[in-house]
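Asks: Fold the following, please.
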Amino acid sequence: MSRSVAALLHALAAVHSERLEALKAVRAYFSVLGAKDVACALAEAGGYPVLAVSRVDGIGGTLTLGCTYDRRHGQWWITTPGANGQTGWLALAQDPRGAAELAIMEMRRRRA
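Replies: This is a model prediction of the structure:
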């Protein structure tokens with residue numbers, strides 16, 4: 001039996017509210033920036049909320065954005081899974097517009 005997206009997001013919000021709110025803020029900027037060639041959706045990966053970003057034409061796969069707390073600096077970051085398990089630090093969670101702009105640029109840069 002699969003859960004609905006709303007039920008899944010509700011369950012994630014109880015534990016990951018900071019992450020979910022940061023990702024929702026990034027998602028909102030995709031519309032503000034008029035990125036009609038790129039789509040995004042909230043999803044779950046490994047029990048954590050993520051934002052899955054894809055080009056509408058299907059080229060370039062999916063860019064997965066997460067939200068990670070950097071204990072050293074005491075700040076939340078929008079992140080991407082990097083090579084060899086390294087985290088890619090995209091932008092501060094306090095800058096959702098910057099994170100959205102970088103994700104859009106990355107997806108537009110990708111080729112088949």
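
Asks: Tell me the confidence at residue 15?
Replies: Per-residue confidence (pLDDT) for residue 15: 60.

Asks: make that residue 3, sorry
Replies: So, for residue 3, pLDDT stands at 57.

Asks: same question, residue 105
Replies: 96.

Asks: Help me confirm that it is found in a strand?
Replies: No: assigned with DSSP: H, G, I helix; E, B strand; the rest coil, residue 105 falls outside any strand and is helix.

Asks: what about it, neighbour count?
Replies: 11 (other Cβ atoms under 10 Å). For the C-beta atoms, the positions are set from N, CA and C on the backbone; glycine is no exception.

Asks: do residue 36 as well
Replies: Neighbours of residue 36 (other Cβ under 10 Å): 9.

Asks: Secondary structure element for it, which one?
Replies: Under DSSP states H and E, no helix or strand contains residue 36.

Asks: ok, now residue 76?
Replies: Going by DSSP H and E, residue 76 is in strand 75-81.

Asks: Pull up the pairing partners for the very next helix or strand once past that strand, direction included.
Replies: Per DSSP H and E, the first helix or strand lying C-terminal to strand 75-81 is strand 87-92. Strand 87-92 has the following strand partners under DSSP bridges: strand 75-81 (antiparallel).

Asks: Alpha carbons of the strand it pairs with, as PDB, please.
Replies: The C-alpha trace of strand 75-81 is given here as PDB (Å, rounded to 0.1, in the frame of the first residue of the first chain):
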ATOM      1  CA  GLN A  75      23.700  27.000   9.300                       C
ATOM      2  CA  TRP A  76      21.300  25.100   7.100                       C
ATOM      3  CA  TRP A  77      22.400  24.600   3.500                       C
ATOM      4  CA  ILE A  78      20.700  23.500   0.300                       C
ATOM      5  CA  THR A  79      22.800  20.600  -0.900                       C
ATOM      6  CA  THR A  80      23.300  18.100  -3.600                       C
ATOM      7  CA  PRO A  81      24.700  14.500  -3.400                       C
END
